[in-house]
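Colleague: Kindly return the folded structure for what I paste below:
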Amino acid sequence: MASLSRILTTLIITGHTLAGALDGHIGRQISTIDRSSLNGKLFVGYQAWFRKPFEDNGNSHWTTDKPTPEVGHVGVDMIPNVTGYPTECLFNTAFTLPDGNPAQFYTNHCEGVVDLHFKMMADYGISGAFIQRFYGYINEAHGGWVDILGYAKAAAEKYGRGFAIEYDLNGAATSSTNITDTFLTDLAALGSITSSPAYMNHNGKPILEIWGFGIVNGVTARDGLAIVTALKDAGCYVILGVQQAWHAELVEDRPDGFGPVYRLADMIQPWTVGAYGIDNYDDFHDGRQAVEDASALRDLGIESSIVVWPGGSSSNANPNEAFDRFPRWNGSFYERQLRGAVDLKPSFIFGAMFDEVNEGTAIFPVLRNKELPVNQRFLGIDDDMEPDTYLKLAGDYASRLASQWL
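Modeller: Below is the predicted model of the structure:
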């Protein structure tokens, strides 16, 4: 099969680990995963957008409206446990820990951080990551995004993981840009990334995910048709991350609706973060996921991916939102969703997210409640939990899903 970069170029021309819990953990899946198929795998979404203040003149994503993460101006609700992170990748913050030391944050624009994150995935049996690439940052001159993609590629190859690019439509607008051309041009420039032996394929084609149709208001259905058609014509296997009530568009079938776009997809991945809490998850699973989504996908002949998430909170970035809006219930909320997803045997499970501390959905190690700063409100995991609890849960259910595909 021709490489993704060659296909796209032709098309364009022609038209330290965590102390204690992690150090003592025995690797669950050291061998290289099969990169030719998504079936039976659990991948995580990887934001990889955290940077040191003033680095690359870009948004650090640790903060909202200040260049440095200050008290009252932080943009994350959870703080990563940086035990074992390379010291050169860390910086002190204004947040004071109970022992009097400053809390430290990391920068993704440091290869050791990305390497460590992929090592965690390998150690716990997570298949790899869908690397988020936000439309609004594609042309960022000093963003380091391509560097970070390179770090991810090297780490995936090193630890036998897989990776794929997931374009996020946030920042895109039909009225001001040619989105299709932007994607094709960007992908052609990323040939050294997508040609990696660690880059994921499915059904003989390189994978691309586009997230946000029906969610990002600035992108029309007509643009959606053009984008998906062009990517499929370029030989890609196209996954669409869509609104959780996506099948309603099929029923209504409005001229300006996204039904025709969804019908073009090779795989549909309904975005369910925030769609339910622990009290109504079972109803959502038994009705929406197991019946409505499954029926619509079966009728369309489209494969499926199910999103799972541990809980959510983004009140520091969004002061009007309730703190700890979607509680984690000591891991039981996440485990219930993992069990429900495995029971439905999707092509693969998408874990939202590996490192999303902005919205409190991260599954990598974060600080416990007793370890949190004393001068700013943050959300921690329960004090009786090990830092790697959510990684263990993801790995356990990854194994269960894989066994169904043997």
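
Colleague: ok, Gly331 touching Asp388?
Modeller: No: between Gly331 and Asp388 there is no contact under CB atoms under 8 Å: 11.3 Å. In short, each C-beta sits where N, CA and C put it, glycine included.

Colleague: So between those two, which is more surrounded?
Modeller: Asp388 (23 against 17; other CB atoms under 10 Å).

Colleague: what separates that one from Thr63, distance-wise?
Modeller: Counting by CB to CB, to the nearest Å, the gap from Asp388 to Thr63 is 27 Å.

Colleague: Over to Ala341?
Modeller: Here the criterion is CB to CB. By it, Ala341 lies 34 Å from Thr63.

Colleague: Next up, the contacts around the most centrally placed residue in the chain.
Modeller: The residue lying closest to the centre of the chain (CA atoms, centre = their mean) is Gly45, at 1.7 Å. Contacts for Gly45 (CB atoms under 8 Å, 6 or more residues apart in numbering) come out as Ala129, Phe130, Gln132, Glu166, Phe350, Gly351, Ala352, Met353, Phe354, Glu356.

Colleague: re earlier: in terms of packing, which of Ala341 and Thr63 has more residues around it?
Modeller: When neighbours are counted by other CB under 10 Å, Ala341 and Thr63 differ, and Ala341 comes out ahead with 25 against 20.

Colleague: and the helix or strand containing the more buried one, what other elements does it pack with?
Modeller: Assigned by DSSP states H and E, Ala341 falls within helix 332-344. In terms of contacts (3 or more CB pairs under 8 Å, 6 or more residues apart in numbering; DSSP states H and E), helix 332-344 is packed against helix 281-283, strand 303-308, strand 348-351, helix 389-404.

Colleague: does Pro296 sit in a helix, a strand or a coil?
Modeller: Pro isn't right for residue 296; it's Ala. The three-state assignment at Ala296 reads helix, by DSSP: H, G, I helix; E, B strand; the rest coil.

Colleague: That one: what's its closest spatial neighbour, skipping adjacent residues?
Modeller: Leaving aside its sequence neighbours, Ala296 sits nearest to His247 (CB to CB, 6 or more residues apart in numbering; 4.0 Å).

Colleague: Tell me the confidence at that neighbour?
Modeller: For His247, the model assigns a pLDDT of 90.

Colleague: got it, and Lys52?
Modeller: 87.

Colleague: ok, it touching Val113?
Modeller: No: judged on CB under 8 Å, Lys52 makes no contact with Val113 at a distance of 10.8 Å.

Colleague: and after the helix or strand encompassing Lys158, which helix or strand comes next?
Modeller: Using DSSP H and E, Lys158 sits in helix 145-159. Downstream of helix 145-159, the next assigned helix or strand under DSSP H and E is strand 162-168.

Colleague: No further questions, thank you.
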